[in-house]
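Trainee: Give me a model of this one.
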Amino acid sequence: MSQQYQYAGFWIRMGASIIDAIIIMLVTIPIGLLLNEDYFTSTEFNWVDAFFQLLSAAFIVYCWVKFAGTPGKRLLKLKVLDAQTGHHLTLGQSILRYLGYIPATLIFCLGLLWVIWDPKKQGWHDKIANTVVVKEI
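Mentor: Okay, here's the model as predicted:
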């Protein structure tokens, strides 16, 4: 990586994820209530839930490809880049990174916590897609 970046650690990445979750909830909750009056009380997974999952995934993947990060990451001056080239992610790489969250969260979120111990601060999803998260300095 260039000297203008440093690898982003666990806590700043967690902060970015919280910001992203708040932004997504500010959009999805009002729409969910309009589309399904039982949005908060239903215990069943329904079409509204599936729609929001797909919409959120598409938004996140788009942000990685177009802006090298989600709004939360960009607010905290973080970028998600290709580990080899330092360029923005490709669409395929972004989809692979998103799908990489599945194994990363299966065992007590060990794949997300991996950022704490890894020299390049990569989680399993980063390793799967060959990406790094860096902070602009």
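Trainee: which SSE is Leu34 in?
Mentor: For Leu34, the enclosing helix or strand under DSSP states H and E is helix 10-35.
Trainee: can you check Gly69 too?
Mentor: With DSSP H and E as the criterion, Gly69 is inside neither a helix nor a strand.
Trainee: Please apply the same query to Leu89.
Mentor: With secondary structure defined by DSSP H and E, Leu89 is part of neither a helix nor a strand.
Trainee: Ok, Gln6 next?
Mentor: Assessed by DSSP H and E, Gln6 sits inside strand 5-7.
Trainee: what comes into contact with that strand?
Mentor: Met1, Lys79, Gly86, Lys120, Lys121, Val132, Val133, Val134, Lys135, Glu136, Ile137 (Cβ atoms under 8 Å, 6 or more residues apart in numbering). (C-beta placed from N, C-alpha, C; glycine too.)
Trainee: Next: stretch 70-78.
Mentor: For stretch 70-78, the surrounding residues in contact (Cβ under 8 Å, 6+ apart) are 8, 12-13, 15-20, 23, 59-60, 63-64, 67-69, 79-80, 133-136.
Trainee: Quick one: end-to-end distance for it.
Mentor: This stretch, stretch 70-78, spans 9 Å end to end (Cα to Cα, to the nearest Å).
Trainee: I appreciate the help and will end here.
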